[in-house]
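Participant: Output the structure for:
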Amino acid sequence: MTTIDSVDLNQLANNIKAWGKSLGFQQVGICDVDLKRHETFLQNWLDAGYHGTMSYMAQHGMKRARPDELLPGTLRAISVRLDYLPPNASFAKHLADPRIGYISRYALGRDYHKLVRKKLKQLGDKIKAELSTAEFRPFVDSAPVLEHALAEKAGIGWTGKHSLTLNKEAGSWFFLGELLINLPLPTDTPVEPSCGTCNACITLCPTNAIVKPYVVDARRCVSYLTIEHEGKIDEALRPLMGNRIYGCDDCQLACPYNKAAPITEETDFSPRSQLFGQPLITLFEWSEETFLAATEGSPIRRIGYARWQRNLAIAMGNMAYTPDMVDALNKGLGRVDANVDEHIHWALQQHQQRLQRESRKTVRLVRSVQKGMPRDA
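Facilitator: Residues are numbered from 1 along each chain as shown. Now for the predicted structure:
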């Protein structure tokens, strides 16, 4: 049996990176698991209530900053990057058209959780085949792990002011995954933060959710509101959400480092036609059965039909009036539950108010014209 004493750990680390890339990861880094310097930040964020209704964030407490409590004996974290930006993403085109349902680009293809986890498991198996005493556990948003902090320590990138991991060559259009392991592998060097004085992500956040550099108030974040939050959405935030029905990419779109981000080679992340660039009315008229079928194997499915309908109702309340849209909203009443109905009524009210404003505007215009007409006209 191969033992730790008989293995060249430097060579093993190089092999791990090569194996990771052969599995499809664009980058692999290794770090220790000492995240003590993040504990105060995490506790302050929780104390401020920025986690909103995500009670699991508080339940796990400081375990997020202590990976060795998740897997006793853990000495290192292997952090990986998997690019997901699809070709022909049509960001600006879809965001600029209020009739279209905008879905965050990471969610248009296959659910990344299973895909990344499978690749991490394969990587762990390769390591264990090399060294039988290796014990590992893969993580992909599946346990309380500070993935961005680990990615930063492992040299994958630095934490941007929007709280996401940034890489000079890859921007931020990538998924992260971690493999906790009990081997004292050599560690990589963190990269220097390179946001400088740029505040584009803060300035362009549609709901002002980035309250200061590196601090996001999830309660205002469109991604949180459309994905994590189950109940009523604050009326003051609804108009700011525009046509974003699942997630939000604005802070990433604003980042200069994303202008030259690479296109993914992973075909599973290609947009599904039934979700990509579809009219709001079409999506809203889906039955629950259609929703479940269209989102099978997609991360969107986990929000459920009720939240899907709620998000669409808000977006429809933000688009220009059309008789078809109002008709669709009225037909949606009673389809799901009282919470969805409340958001539908709000949307209908927005259009009623728009029509009233247009009517008053028309009256003023007619009177203005009449005042300018000759008396004998």
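
Participant: So residue 195 versus residue 207, what's the distance?
Facilitator: For residue 195, the distance to residue 207 equals 21 Å [Cβ to Cβ, to the nearest Å]. Heads up, the C-betas are built off the backbone N, CA and C, glycines and all.

Participant: Compare those two (neighbour count), which wins?
Facilitator: Applying other Cβ atoms under 10 Å to residue 195 and residue 207 shows that residue 207 carries more neighbours, namely 22 against 19.

Participant: Could you double-check that that one lies in contact with residue 238?
Facilitator: No - taking contact to mean Cβ atoms under 8 Å, the distance of 10.0 Å between residue 207 and residue 238 leaves them out of contact.

Participant: In this protein, which helix is the longest?
Facilitator: Counting residues, the longest helix found in the chain (DSSP state H) is helix 338-371.

Participant: so what does it touch, helix or strand wise?
Facilitator: helix 304-318, helix 323-332 (3 or more Cβ pairs under 8 Å, 6 or more residues apart in numbering; DSSP states H and E).

Participant: any idea which of those is most buried?
Facilitator: helix 304-318 (a mean of 24; mean count of other Cβ atoms under 10 Å).

Participant: give the contact list for residue 346.
Facilitator: 235, 238, 313-314, 317 (Cβ atoms under 8 Å, 6 or more residues apart in numbering).

Participant: Residue 127 too?
Facilitator: Residue 127 touches 12, 16, 19, 134, 136, 181, 183, counting by Cβ under 8 Å, 6+ apart.

Participant: now, among these, which is nearest to residue 307?
Facilitator: residue 136 (34.6 Å; Cβ to Cβ).

Participant: who does the closest one bridge with?
Facilitator: residue 181 (DSSP bridges).

Participant: Let me know the pLDDT of it.
Facilitator: Note on residue 136: pLDDT of 96.

Participant: burial count for it?
Facilitator: When neighbours are counted by other Cβ under 10 Å, residue 136 comes out with 20.

Participant: surely residue 347 meets residue 312?
Facilitator: No - applying Cβ under 8 Å as the test, residue 347 and residue 312 come out as separate, 9.1 Å apart.

Participant: pull the helix or strand with minimum mean pLDDT from this protein.
Facilitator: Ranking every helix and strand in the chain by mean pLDDT, DSSP states H and E puts helix 55-59 at the bottom, with a mean of 81.

Participant: where do the strands sit along the stretch 101-250 of the chain?
Facilitator: 102-103, 136-139, 158-159, 165-166, 174-181, 210-212, 215-216, 244-246 (DSSP state E, counting those that start in this stretch).

Participant: Of these, which is nearest residue 227?
Facilitator: Nearest of the strands of the stretch 101-250 of the chain (Cβ to Cβ): strand 244-246, 6.6 Å.

Participant: Return the list of helices and strands in contact with the closest one.
Facilitator: Against strand 244-246 (3+ Cβ pairs under 8 Å, 6+ apart) you get strand 102-103, helix 304-318.

Participant: tell me the mean pLDDT over the longest one?
Facilitator: The pLDDT scores in helix 304-318 average 98.

Participant: Are there helices or strands packed against it, and which ones?
Facilitator: Counting by 3+ Cβ pairs under 8 Å, 6+ apart, helix 304-318 packs on strand 244-246, helix 280-284, helix 288-294, helix 323-332, helix 338-371.

Participant: and if you look at the first one?
Facilitator: Here strand 102-103 is seen to pack against strand 244-246 when contacts are counted using 3+ Cβ pairs under 8 Å, 6+ apart.
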